[in-house]
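J.: below are the sequence and a predicted model; questions follow.
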Amino acid sequence: MSAGAADAATAEHQAAAETAVSPAGCVIEYVTDPHPSPSIRGAVKVDAKVQCGRPVPAQDLSLTLLADGKPVFKTVAKATNKSDLFNQSTYIRCKNSTERHTFQGTATATSVEGNNPYVRSKVSRSVVLPCGY
């Protein structure tokens, strides 16, 4: 198989994983809009949650905070044999409060069920906040 054909097969498999419905019904329940952190002074954060109808053998939830369309921080939460998964560790500390930037959160969740990956993605709204990074 040529490299181009291998890339096409990989892309096709990934697209199938994103459109296939998780047998456990796993969905990204929410991605919060970027907001000033209530627990970390001078920080902007975003949170996300995956919810499944039953525990799954393995899952992860990656969450990326974007500023002006560019990734500025990413975290990955992992769980085994759980039906839900939270990612609440994605934030940046603001260096000043005079610059304004447009922030957005993007989440990608993968559950592995029956040795097959099921991928979901979700984005928050864009929010302009006074936070120089």
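T.: Okay, I see it. Numbering: from 1, shown residues only.
J.: verify the stated contact: Thr108 with Ser62.
T.: Yes: Thr108 lies in contact with Ser62 (CB atoms under 8 Å); the separation is 5.0 Å. To be clear about C-beta, it is placed using only N, CA and C from the backbone, and glycine gets the same treatment.
J.: ok, now how distant is the most centrally placed residue in the chain from Glu29?
T.: Using CA atoms, centre = their mean, the residue of the chain that lies closest to the mean C-alpha position is Ala107, 1.7 Å off. For Ala107, the distance to Glu29 equals 10 Å [CB to CB, to the nearest Å].
J.: same deal with Pro55?
T.: 16 Å.
J.: and what of Ala20?
T.: Distance, Ala20 to Glu29, using CB to CB: 19 Å.
J.: then Ala67?
T.: 24 Å.
J.: just Ala48 next, same as before
T.: 8 Å.
J.: one more: Lys122?
T.: 9 Å.
J.: repeat that for Ser111.
T.: 13 Å.
J.: ok so, going back, and Ala67 and Glu29? which has more neighbours close in?
T.: Ala67 (19 against 16; other CB atoms under 10 Å).
J.: quick one: strands adjacent to the lengthiest strand in the chain?
T.: The longest strand of the chain (DSSP state E) is strand 96-113. Here strand 96-113 has these sheet partners by DSSP bridges: strand 58-67 (antiparallel), strand 116-123 (antiparallel), strand 127-132 (antiparallel).
J.: show me what Pro71 is bridged to.
T.: Under the criterion used (DSSP bridges), Pro71 bridges to Leu66.
J.: hmm, back to that, what residues of the longest strand of the chain count as buried?
T.: Applying a neighbour-count criterion of 16 or more other CB atoms under 10 Å, one finds His101, Phe103, Gln104, Gly105, Thr106, Ala107, Thr108, Ala109, Thr110, Ser111, Glu113 buried in strand 96-113.
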